[in-house]
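1. structural data only, the sequence is not supplied:
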């Protein structure tokens, strides 16, 4: 019964609804967890926890030698025994890499980390890796019920239970890793059954390994993009700023609740469409997707940035002027962040040459160059980090668009589209300043502003919906 439920396949619409709803629940769980830690255990404690989690999540693709990408992509292409090969590669390659990575963390090579023993770090990283492997297995088979259950239990439910029961950071990481590993191994064997070693096993294993290895530069670059700033901040022992930065980054990444599921569901479907020679369908869908992401993320980023300080204070219980600046600035980069994220899966599906590796590597280089240039000019680590982060994702967005355009021959949105985007931004900024000038109550300003935002969003959807629908079904 459980096996049938987890393996049930839904249509695209239901997959999307289920994944969006699960994303909202997961974000709520993470929101509650971070708020609980900040208010009950302290902002520095939260900064230490988020630093370790951010670094591990950013590095998981490296220690998995790209299995988190190769598993769903190759399974979607109907290649057999991918999960069996992935399991062997995890034991033979990933476990030694986890030991190496844990040693680097414990000796503060990657930043000033809290004093956690080697065993706890190792178990936590193994647990996170098991989550990514099993999630990719269900995602590749397009069993989004099972995939979303894994995401919910591993990202929200288990961490919440652990921190409510265990306030010690060392014990929390160890127990979290154990629960993650056990639960995800159960999910793995429910889906895959016993390991199947056939005469094609060695060939298949090398195919899986090769597919993942060419994407390692991309994963390393993403590690730099998402983890290097909190690592540099932590070297000064300022875990409060680490908490502000990583929490603001979490707010930025929460936008993936809506956009992320589209990429998750697109990867296997794009891979199948291209494999069957239906590139024209992919082209129309990507053009519509780009327009939707640009205009709606623009409206969201402006609005969230305006109220960023209030959101962060409501969440963590306290916020400094530096924290307000961090969250307001980071949220303005949402369009670039979502743009590259939504194109990442189609790019992976369209080519086995590791185009994303080139894109993210160049973006990481931009981040490093701008960061150290600003440090030389006398800017603080946190300001240099935030600005270089935005510049890097701007560069990545441009490169991703060029890559997709070269493969699919997509066209730029019309002048009318860009005119409407600029007009909407102007309306929102003018409305907020006008409301603040005439109304003293912050609550009333917020209510009226978001009413205007909803009306603006509805009008935009009304203008473009028929055109988007026509492009997809023609």
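-> Great, that's in hand. On a predicted model such as this, the values are computed, not experimentally measured, just so you know. Residues are numbered from 1 along each chain as shown.

2. show me how far stretch 414-425 is from its chain's centre.
-> Stretch 414-425 has its C-alpha centroid displaced from the chain centroid by 28 Å (C-alpha atoms, centre = their mean, to the nearest Å).

3. likewise for stretch 439-459?
-> For stretch 439-459, the distance to the chain centre is 29 Å (C-alpha atoms, centre = their mean).

4. contacts for it next, please.
-> 296, 299, 303, 306-307, 310, 424, 427-428, 431-432, 435-436 (C-beta atoms under 8 Å, 6 or more residues apart in numbering). C-beta coordinates here come from the backbone N, C-alpha and C atoms, glycine included.

5. where does the stretch 351-474 of the chain have low pLDDT?
-> 351-354, 468-474 (pLDDT under 70).

6. one step back: of the contacts of stretch 439-459, select the buried ones using a ChimeraX command.
-> Buried residues within the contacts of stretch 439-459, by 16 or more other C-beta atoms under 10 Å, are selected in ChimeraX with:
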select :296,299,303,306,307,424,427,428,431,432,435
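
7. check the contacts of stretch 439-459 and tell me the two furthest apart.
-> Distances among the contacts of stretch 439-459 were taken as C-beta to C-beta; the most separated pair is 296 and 436, at 24.3 Å.

8. low-confidence bits of the stretch 51-200 of the chain, can you list those?
-> 110-116, 195-200.

9. quick one, helices of it?
-> Along the stretch 51-200 of the chain, counting by DSSP state H, counting those that start in this stretch, helices occupy 67-76, 82-89, 95-106, 118-140, 144-152, 158-165, 169-192.

10. which parts of the last one are buried?
-> What it means is helix 169-192. For helix 169-192, burial by neighbour count (16+ other C-beta under 10 Å) applies to 169, 172-181, 183-184, 187-188, 190-192.

11. can I get the helices of the stretch 51-200 of the chain in a markdown table with distance to residue 39?
-> Formatted as a markdown table, the helices of the stretch 51-200 of the chain follow (distance: least, C-beta to C-beta, whole Å):
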| stretch | distance to residue 39 |
| --- | --- |
| helix 67-76 | 33 |
| helix 82-89 | 40 |
| helix 95-106 | 27 |
| helix 118-140 | 23 |
| helix 144-152 | 23 |
| helix 158-165 | 12 |
| helix 169-192 | 16 |
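
12. go through the ones you listed and name the closest to residue 286.
-> Taking the helices of the stretch 51-200 of the chain one by one with C-beta to C-beta, helix 67-76 is closest: 17.1 Å.

13. tell me what the closest one is packed against?
-> helix 43-63, helix 82-89, helix 118-140, helix 201-213, helix 256-275, helix 334-350 (3 or more C-beta pairs under 8 Å, 6 or more residues apart in numbering; DSSP states H and E).

14. residue 373: which of those is closest?
-> helix 334-350 (19.5 Å).

15. now the angle from that closest one to helix 67-76?
-> 50 degrees (axes from the mean of the first three to the mean of the last three C-alpha atoms, to 10 degrees).

16. avg pLDDT for helix 334-350?
-> Averaging pLDDT along helix 334-350 gives 80.

17. and the angle for it with helix 201-213?
-> Using the same axes, to 10 degrees: helix 334-350 against helix 201-213 is 150 degrees.

18. how far away is residue 100 from residue 222?
-> 19 Å (C-beta to C-beta, to the nearest Å).

19. compare these two (neighbour count), which wins?
-> The neighbour count for residue 100 versus residue 222, taken as other C-beta atoms under 10 Å, is higher for residue 222 (24 against 11).

20. skipping its backbone neighbours, what lies nearest that one in space?
-> Closest residue in space to residue 222, ignoring its immediate chain neighbours: residue 360 at 5.4 Å, by C-beta to C-beta, 6 or more residues apart in numbering.

21. ok, now which ones touch that neighbour?
-> With contact taken as C-beta under 8 Å, 6+ apart, residue 360 is in contact with 217, 218, 219, 221, 222, 225, 396.

22. hang on, the first one packs against residue 362?
-> This means residue 217. No - in this structure residue 217 lies outside contact range of residue 362 using C-beta atoms under 8 Å: 10.2 Å.

23. measure how buried residue 14 is and give me the count.
-> When counting by other C-beta under 10 Å, one arrives at 12 neighbours for residue 14.

24. now it: which helix or strand?
-> Here residue 14 sits within helix 12-41, counting by DSSP states H and E.

25. in that helix, what's buried?
-> 15-16, 18-20, 22-23, 25-27, 29-31, 33-35, 37-38, 41.

26. over to stretch 317-334?
-> Under the neighbour-count criterion of 16+ other C-beta under 10 Å, stretch 317-334 has 319, 322-334 buried.
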